[in-house]
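>>> Just the structure for this:
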Amino acid sequence: MTTELETDYLIVGSGAVGMAFADTLLTDSDADMLLVDRNHKPGGHWNQAYPFVTLHQPSAFYGVSSLELSKGRIDTMGLNKGLNELATGAEVSAYFDEVMRSRFLPSGRVAYHPMCDYLGEGEFVSRLTGERFRVRARKKTVDATWLNTTVPLTHTPNFSVAPDVRFLPPNRLPEIDSPPAGFVVIGGGKTGIDTCLWLLEHGVDPDRIQWIVSRDAWLLNRRNTQPTPEFFHDAIGSQAAQYEAIAAATSVDDLFGRLEEARYFLRIDTDVRPTMFHGATISEAELAEMRRIRNVVRMGRVSALEADRIVLNGGVLPTTPQHVHVDCSASAIRNLAMKPVFQGSLITPQTVRPYQPVFSAAFIAHVEATRDDEATKNRLCGVVPLPNHDTDYLRFTAASLRNQQAWSQDPELRQWLHDNRLDGFSRIVAAVTPGETDKLAILGRLRGSLRPAAENLRRLLAELGDTAKHGDAA
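Residues are numbered from 1 along each chain as shown. Purely as a prediction, here's the structure:
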């Protein structure tokens with residue numbers, strides 16, 4: 001037997017994207033909605049996050065629009081000292097649970113079905129009881145699972161692991177009860193960096209850490225992501241420096257050199273040219289810690305872990321059953337494909353601003369609630385491609401500039417951006433007074449470099465062979 005349900009919006013997924021979308025829809029419309037999710041509580045992948053994970057950008061950028069996640073503190077200790085706090089995984093998980101319990105459910109307009117598998121076409125089934133449901137969405141279905149976030153705990157490695165290899169996800173590192181012969185960290189992304197930093201923080205000799213990096217990454221300087229007034233010169237100054245670098249670059253390689261010189265981009269090993277960019281941030285203190293690890297292996301991807309050796313695309317390394325091998329090879333976002341956000345009765349939230357999927361979901365929900373024409377909605381919500389390779393930075397910057405230009409021409413959207421806490425920088429820019437000549441000079445640099453940057457992006461993208469797709473960056 002199937003239970004029939006009805007709602008305005010069926011939202012598949014109560015992770016950060018689904019929650020941010022639902023929160024804005026709750027504020028900006030009188031619609032009701034039904035959220036279905038396979039987890040036992042909201043928060044998506046945060047339910048399976050490793051215990052030492054934190055946000056890698058300030059808490060003020062994250063969560064839903066209606067409820068502040070940040071406590072407004074500057075860290076006074078640790079590797080994030082002097083910067084805005086980074087919420088822990090436990091704090092983020094508790095935050096989304098509070099949003100559901102204190103805002104969504106008491107509204108009477110949100111129905112929530114956890115521990116359910118969505119089958120498609122409005123049907124889902126309970127994992128606990130087997131009960132089946134069919135939902136008629138009067139308005140639209142929202143696929144908040146499109147980005148397909150993965151985490152180490154649920155990740156299946158793309159290599160074979162022999163039975164006698166000591167192999168575990170970072171979630172299980174705190175369970176270690178005796179010193180291993182050494183640690184082999186597999187993966188060069190944010191999870192790999194987090195794991196290395198955790199080991200170093202807990203006193204592991206850096207020479208006992210072997211870090212396998214298939215691709216080096218460009219990293220964002222976290223100091224430049226701070227959305228509070230005291231960091232105006234860093235945050236807005238770095239944006240000005242970014243567009244000045246783009247405007248002046250003579251080639252793609254020259255662009256990355258200029259961005260690094262401006263401290264917009266950082267890299268762990270200055271002798272290795274990164275080819276990966278996922279938008280991860282790092283503090284200067286964390287960068288110094290990572291450089292203590294000297295045993296960095298760049299021999300391609302792992303293809304097999306055996307009892308006495310690690311087989312990679314580019315060679316073989318010795319190991320032992322007494323070594324702990326930590327799997328940090330999961331890619332945070334597996335689905336890099338793009339599609340229109342609005343397609344008839346389907347909404348597929350994707351990034352409309354770099355690095356900010358939750359802001360993007362909130363913005364898309366606002367556009368859905370306040371605009372009628374689908375073509376207009378898709379024009380305002382142009383998809384910013386998720387980065388993978390280093391040159392993807394150019395592609396999403398071009399897409400972001402197009403969106404920013406469209407938003408700047410709409411007075412209602414400009415006001416929404418100013419008022420929305422997830423936007424980050426609009427408020428500190430609007431707060432600049434006529435007497436703050438130093439800040440006005442930075443804003444002048446920023447505004448003066450936007451058009452030259454957009455024009456030069458066309459040329460640089462043509463160098464990459466992207467003329468047809470990205471030739472309208474301005």
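>>> shaky segments in this protein?
For the chain, applying pLDDT under 70 flags the ranges 150, 332-335, 466-474.
>>> Determine which residue lies closest to the centroid of it.
The geometric centre of the chain, computed from its C-alpha atoms, lies nearest to Y355 (Cα atoms, centre = their mean), at 5.3 Å.
>>> so what's that one up against?
Contacts for Y355 (Cβ atoms under 8 Å, 6 or more residues apart in numbering) come out as Q57, L220, G279. Bear in mind the C-beta positions are built from the backbone N, C-alpha and C, glycine included.
>>> Looking at these, which are in strands?
Of the contacts of Y355, the ones assigned to strands by DSSP state E are L220.
>>> In TSV, list the contacts of Y355 along with neighbour count.
Shown next, in TSV, are these (neighbours: other Cβ atoms under 10 Å):
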residue	neighbour count
Q57	21
L220	21
G279	22
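>>> nearest to A406, of the contacts of Y355?
Checking the contacts of Y355 against A406 by Cβ to Cβ gives G279 as the nearest, at 22.1 Å.
>>> that older thread, adding distance to F124 as columns, could you present the contacts of Y355 in CSV?
As requested, those are exported to CSV (distance: Cβ to Cβ, whole Å):
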residue, distance to F124
Q57, 33
L220, 38
G279, 32
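>>> Run through the residues that contact N388.
The contact partners of N388, taken as Cβ under 8 Å, 6+ apart, are M276, F277, H278, L336.
>>> what about the second one, distance to S283?
When distances are taken as Cβ to Cβ, to the nearest Å, F277 and S283 turn out to be 18 Å apart.
>>> now G120
The spacing between G120 and S283, counted by Cβ to Cβ, is 43 Å.
>>> who's more crowded, those two?
Legend: neighbour count by other Cβ atoms under 10 Å for G120 and S283, higher for S283 (22 against 9).
>>> Which residues are in contact with the more buried one?
S283 is in contact with L79, N80, L83, R222, R223, counting by Cβ under 8 Å, 6+ apart.
>>> same thing but at 7 Å, please
Neighbouring residues of S283 by Cβ atoms under 7 Å, 6 or more residues apart in numbering: L79, N80, L83, R222.
>>> For burial, what's the neighbour tally of N158?
That count, for N158 with other Cβ under 10 Å as the rule, works out to 11.
>>> Now it. Nearest residue, chain neighbours left out?
Nearest residue to N158, sequence neighbours excluded (Cβ to Cβ, 6 or more residues apart in numbering): S329, at 7.0 Å.
>>> Measure how buried the one you found is and give me the count.
Here the count is done by other Cβ under 10 Å, and S329 has 21 residues near it.
>>> Next: E230.
Using other Cβ under 10 Å, E230 is surrounded by 11 other residues.
>>> Please apply the same query to the one 10 residues further on.
Around A240 there are 21 other residues, counting by other Cβ under 10 Å.
>>> cool, and T145?
Neighbour number of T145 under other Cβ under 10 Å is 20.
>>> Touching, it and I11? I think so.
No. Using Cβ atoms under 7 Å as the test, T145 is too far from I11 to be in contact (9.9 Å).
>>> rewinding a little: quick check, nearest of the contacts of Y355 to H325?
G279 (26.8 Å).
>>> May I ask you to confirm that the closest one is in contact with P387?
Yes. G279 is within contact range of P387, at 5.8 Å (criterion: Cβ under 7 Å).
>>> Quick check: the gap between the residue nearest to N158 and D372.
To D372, S329 is 45 Å away according to Cβ to Cβ.
>>> Looking at the contacts of S283, which one is closest to E4?
Nearest to E4, judged by Cβ to Cβ, of the contacts of S283 is R222 at 49.1 Å.
>>> Once you drop chain neighbours, what's closest to the closest one?
Using Cβ to Cβ, 6+ apart, the closest residue to R222 is T281 (4.2 Å).
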